[in-house]
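1. Fold the stuff below for me.
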Amino acid sequence: MGDLFDTGTETDAKPEAEADRHRPLADRLRPQSLAEVIGQQQVLGPDAPLGVMLASGSLSSLIFWGPPGVGKTTIARLLADESDLHFVQISAIFTGVPDLKKVFEAAKIRRQNGQGTLLFVDEIHRFNKAQQDGFLPHMEDGTILLVGATTENPSFELNAAVLSRAQVMVLERLGKADLEALTKRAEAELGQDLPLLPPARSALQDMADGDGRALLNLIEQVAAWKVDADLDTDALSTRLMRRATKYDKSGEEHYNLISALHKSVRGSDPDAALYWFARMLTGGEDPRYLARRITRMAVEDIGLADPQAQTHCLHAWEVYERLGSPEGELALAQAVVYLALAPKSNGAYVGYKAAMRLAKKSGSEPPPKHILNAPTSLMKEQGYGAGYDYDHDAEDGFSGQNYFPDGMERPELYQPVERGFERELKKRLDYFAKLRAQRNAD
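-> All right, here's what the predicted structure looks like:
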């Protein structure tokens, strides 16, 4: 084997070159140094966390959190090269406890022989708590330097003990400039320009959805086509299927997108709200979940500034149940637009939370006796109902009596805003406050 690599003849090299041409493009373009990595400068730059670690020679255990195809595995491998560590890669999907024990034993032997081990664990969030705990002693005694990769939020999926011993590095989906740089690098490797008009080239990059590996796979397909002229966007779309949008109905993306929808509604931006609503639907979200969350937005963010908002949402929900998909989604979309353009108030919501805090703080304070019913003579003797002023008999239909526990300072829980219907409610509140002050002064 030594002869093959050290003194290979021209005849020997041809099969090797032929084999190289048949390697996947993504494998052929794998960076050979961190300087060749496209994107992720927020962690790899000279003043970024990894750049500083490498410059100081103090690499610590890491967790790479980011979407697929952004370089997690590649960066881990290059870190091992630049730190002179033996690189070991495992996947949490295919690795059990016996396999982990073998990995740790081999790393101990390597350490005794003077070489460290960088253990790269792909999909590390798939290990259970006990398996994750198994890494701790080997991280602490220096047997391994752990680099875990996950597409899920580490705060939710990884043990606190592991997170306390590792730094989380957030890797981002590749931007437009990154994807263009990767496209040019691929064209140089292939020795040809892609047969695409500029809009189609941009559309191809959009199909990758920020995933560099996916882009290279698409480029490899396009480069193999035999065409007489550069293709436009329609021709490209006919020949290629658009990559499915990344969306996990029970994971991080689910919560990110519903948060974006909610905040767009709260921010009175119907266009953004419709966009995030559509993103969730195209990702496969259950429209009934969206109907429930939209109704909650009406309660929380519109409130009494537009009392019809809740009714509108409930009617849209009912229309969806009657029509089903896909026609019923239009009713929900109309509700989203209505909420985005409705006047906003969280006055009742804030007042409710303040009332809950006060109720917990005040404990079991009883109501004042004058507003208690007295159905028995004993209760009348105890003063129940004594001194109650029937509001309908009072001037203006308002007695101004105290309805809070005796001795409690009157709080101001509900404070309406000067928007929408709550303008009218604020006038009423101020009116009753003025009457109450007059009645108490008399």
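2. C-alpha only now, for contacts and for neighbours.
-> Fine.
3. how far does the top helix by length along the chain sit from the chain's center?
-> If you go by DSSP state H, the chain has its longest helix at helix 422-441. Helix 422-441 has its C-alpha centroid displaced from the chain centroid by 45 Å (CA atoms, centre = their mean, to the nearest Å).
4. swap in stretch 157-165?
-> 19 Å.
5. Now it: buried residues?
-> Neighbour-count burial for stretch 157-165 flags 157-159, 162, 165 (criterion: 16 or more other CA atoms under 10 Å).
6. Columns distance to residue 387 on top of the residues you listed, output as TSV?
-> Below are the buried residues of stretch 157-165 laid out as TSV (distance: CA to CA, whole Å):
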residue	distance to residue 387
157	61
158	62
159	62
162	66
165	67
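7. from those residues, which two are the most distant?
-> 157 and 165 (15.2 Å; CA to CA).
8. Break this structure into its domains for me.
-> For the chain, automatic domain parsing gives the domain ranges 31-170, 176-239, 252-341, 361-441.
9. among those, which is the most enclosed?
-> domain 252-341 (a mean of 19; mean count of other CA atoms under 10 Å).
10. Identify the residue nearest the geometric centre of the chain.
-> The centre of the chain sits closest to residue 256, judged by CA atoms, centre = their mean, with a distance of 3.3 Å.
11. SS state for that residue?
-> Three-state call for residue 256 (DSSP: H, G, I helix; E, B strand; the rest coil): helix.
12. Quickly note the distance from it to residue 69.
-> 20 Å (CA to CA, to the nearest Å).
13. What backbone torsions are found at residue 373?
-> For residue 373, the backbone dihedrals (degrees, to the nearest 10) come out as phi -70, psi 150.
14. what's near enough to touch the spatially closest residue to it that is not a sequence neighbour?
-> Take residue 373 and drop its neighbours on the chain: the residue closest to it by CA to CA, 6 or more residues apart in numbering is residue 385, 5.6 Å away. Contact analysis of residue 385 by CA atoms under 8 Å, 6 or more residues apart in numbering lists 369-374.
15. name the element residue 385 belongs to?
-> For residue 385, there is no helix or strand it lies in under DSSP states H and E.
16. Please settle this for me: is residue 225 part of a helix?
-> No - counting by three-state DSSP, residue 225 is located in no helix; its state is coil.
17. Could I get the pLDDT score of it?
-> For residue 225, the pLDDT comes out at 91.
18. hmm, back to that, is it possible to get CSV of the contacts of residue 385 that adds pLDDT?
-> Below are the contacts of residue 385 laid out as CSV (pLDDT from 0 to 100):
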residue, pLDDT
369, 89
370, 88
371, 86
372, 89
373, 89
374, 85
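19. Just name the closest of the residues you listed to residue 398, please.
-> For the contacts of residue 385, the nearest to residue 398 is residue 371 (14.5 Å; CA to CA).
20. The closest one - nearest residue in space that isn't next to it in sequence?
-> Closest to residue 371 by CA to CA, 6+ apart is residue 385, at 5.6 Å.
21. can you give me the helices for the stretch 51-200 of the chain?
-> 72-82, 97-112, 129-133, 136-140, 154-157, 160-164, 176-190, 198-207 (DSSP state H, counting those that start in this stretch).
22. Dump the ones you listed into JSON lines; add distance to residue 358 as well.
-> Output for the helices of the stretch 51-200 of the chain, formatted as JSON lines (distance: least, CA to CA, whole Å):
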{"stretch": "helix 72-82", "distance to residue 358": "50"}
{"stretch": "helix 97-112", "distance to residue 358": "52"}
{"stretch": "helix 129-133", "distance to residue 358": "40"}
{"stretch": "helix 136-140", "distance to residue 358": "45"}
{"stretch": "helix 154-157", "distance to residue 358": "32"}
{"stretch": "helix 160-164", "distance to residue 358": "34"}
{"stretch": "helix 176-190", "distance to residue 358": "52"}
{"stretch": "helix 198-207", "distance to residue 358": "53"}
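23. What distance do you get for residue 103 to residue 96?
-> Remark: distance between residue 103 and residue 96 (CA to CA) = 11 Å.
24. contact partners of stretch 50-59?
-> With contacts defined as CA under 8 Å, 6+ apart, stretch 50-59 is touched by 43-46, 60, 82-83.
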